[in-house]
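Participant: generate a structure from the sequence data that follows.
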Amino acid sequence: MTDRLNDYQRTAILSASPAQLLTMLYDRLLLDLDRAEQAQLAEQWGEASAQLLHAQDIVSELQRTLDVRVWDGASRLMAIYDYVYQSLVRANISRDVELTRECQARLEPLRQAWHEAAAMPVAAPVGGVARVG
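Facilitator: A predicted model of the protein is given here:
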């Protein structure tokens, strides 16, 4: 059963559009933070650390793939990613559930916005540029 699930997940990722991949990353990031929060509350520090480290990996990937030259708001988004990354490191080192919750609160609106953007229909390209609308 696990092999089938892994195959399904691999296929879903490989066939996803860039917008779908982004929303998948945000979904997993928030799931990791929820799991980290629960582990911190239960004082399961090893599990909390594993979840926070995975969340840091996702934020690093978001930072790595964000091209600040393409969109004028990208530098502000990068600043959020930088802040969240540093907060996750501190949450892990100091075992601070409040920092984990703060990261959740900062990222949840972004996750919702990306889901809404990904759900918008993309019009046929006009003059070589796809229009959303």
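
Participant: spatially central, which residue of this protein would that be?
Facilitator: residue 26 (2.8 Å; C-alpha atoms, centre = their mean).

Participant: gap between that one and residue 72?
Facilitator: Residue 26 sits 21 Å away from residue 72, going by C-beta to C-beta, to the nearest Å. (C-beta placed from N, C-alpha, C; glycine too.)

Participant: give me the low-pLDDT residue ranges for the chain?
Facilitator: Along the chain, segments meeting pLDDT under 70 span 5-15, 122-133.

Participant: which stretches of it form helices?
Facilitator: 2-14, 18-41, 45-65, 74-94, 97-119 (DSSP state H).

Participant: how many other residues sit next to the nearest residue to residue 17 once chain neighbours are set aside?
Facilitator: Sequence neighbours aside, residue 118 is the residue nearest to residue 17 in space, at 7.8 Å (criterion: C-beta to C-beta, 6 or more residues apart in numbering). Using other C-beta atoms under 10 Å, residue 118 has 18 other residues around it.

Participant: what does residue 107 give?
Facilitator: When neighbours are defined as other C-beta under 10 Å, residue 107 has 21 of them.

Participant: check contacts around it.
Facilitator: 26, 29, 30, 33, 84 (C-beta atoms under 8 Å, 6 or more residues apart in numbering).

Participant: how close does the fourth one get to residue 69?
Facilitator: When C-beta to C-beta is applied, the distance between residue 33 and residue 69 equals 29 Å.

Participant: wait, residue 96 touches residue 90, no?
Facilitator: Yes: with contact defined as C-beta atoms under 8 Å, residue 96 reaches residue 90; the gap is 6.6 Å.

Participant: for residue 36, grab the count of nearby residues.
Facilitator: By the measure other C-beta under 10 Å, the count of residues near residue 36 is 28.
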